[in-house]
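Asks: predicted coordinates and the sequence they were generated for:
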Amino acid sequence: MNVFLHICCAPCSVMVLNILKEEKIDVTGYWYNPNVHPFTEYTSRLNALKQYSEMIQLPLVINDTYGLRQFVKHVISDLENRCDFCYEDRIRLTAKQAKLNGFDAFSTTLLISPYQKHERIKEIAVRIAKEEGIPFYYYDFRPYFRAGQQIAKTLPLYMQKYCGCIFSEEERYQKKLNK
């Protein structure tokens, strides 16, 4: 089986890729994260993934769309539910690219994070798989999150401090200010 894997960041990909390799699944990584802001954060994450993919010889497709305006335009009226747009946008394009390029299935490293809305990601991906006509490879990677982070810390990879969107960065700083 060959899977087209949306990768949100290098640290989250570590254990996902290890598990898929153990499952004898061929993986091509896919960078498409127009939700990551500001631009310096976007480039830090992209460069870390490029570096890691070279280290492990992972085929990587890069959609280098820095989408600040598009992202803000779609989420500004409903910031509490911004993650739905974020998941929908990245997962749909991943599924379309997977189908277009002859992959057997698609998946996402978002499924490893205990900070993401796991069930919502799964619901959206299952729906998109039906709509786009390509299987979604589901695996609950969350039990491996901490191990993956520990491995990533031993590598010379950039480790981010928030999910990616400018609003999550604001929330991170707001929590610090409230303390």
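Replies: Received, thanks.
Asks: where along the protein do the helices fall?
Replies: Assigned by DSSP state H, the chain shows helices spanning 10-22, 39-56, 68-75, 82-100, 118-132, 145-154, 166-178.
Asks: closest one to residue 4 among these?
Replies: Evaluated over the helices of the chain, closeness to residue 4 peaks at helix 82-100, with 3.6 Å, by CB to CB. For every residue, glycine as well, the C-beta is placed using N, CA and C.
Asks: what's the closest one packed up against?
Replies: strand 2-6, helix 68-75, strand 105-108, helix 118-132 (3 or more CB pairs under 8 Å, 6 or more residues apart in numbering; DSSP states H and E).
Asks: on that earlier part again, is it possible to get CSV of the helices of the chain that adds distance to residue 30, mean neighbour count and mean pLDDT?
Replies: Listed next are the helices of the chain as CSV, based on distance: least, CB to CB, whole Å; neighbours: other CB atoms under 10 Å; pLDDT from 0 to 100:
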stretch, distance to residue 30, mean neighbour count, mean pLDDT
helix 10-22, 11, 21, 98
helix 39-56, 10, 16, 96
helix 68-75, 18, 16, 91
helix 82-100, 6, 20, 96
helix 118-132, 14, 17, 98
helix 145-154, 18, 15, 95
helix 166-178, 21, 12, 75
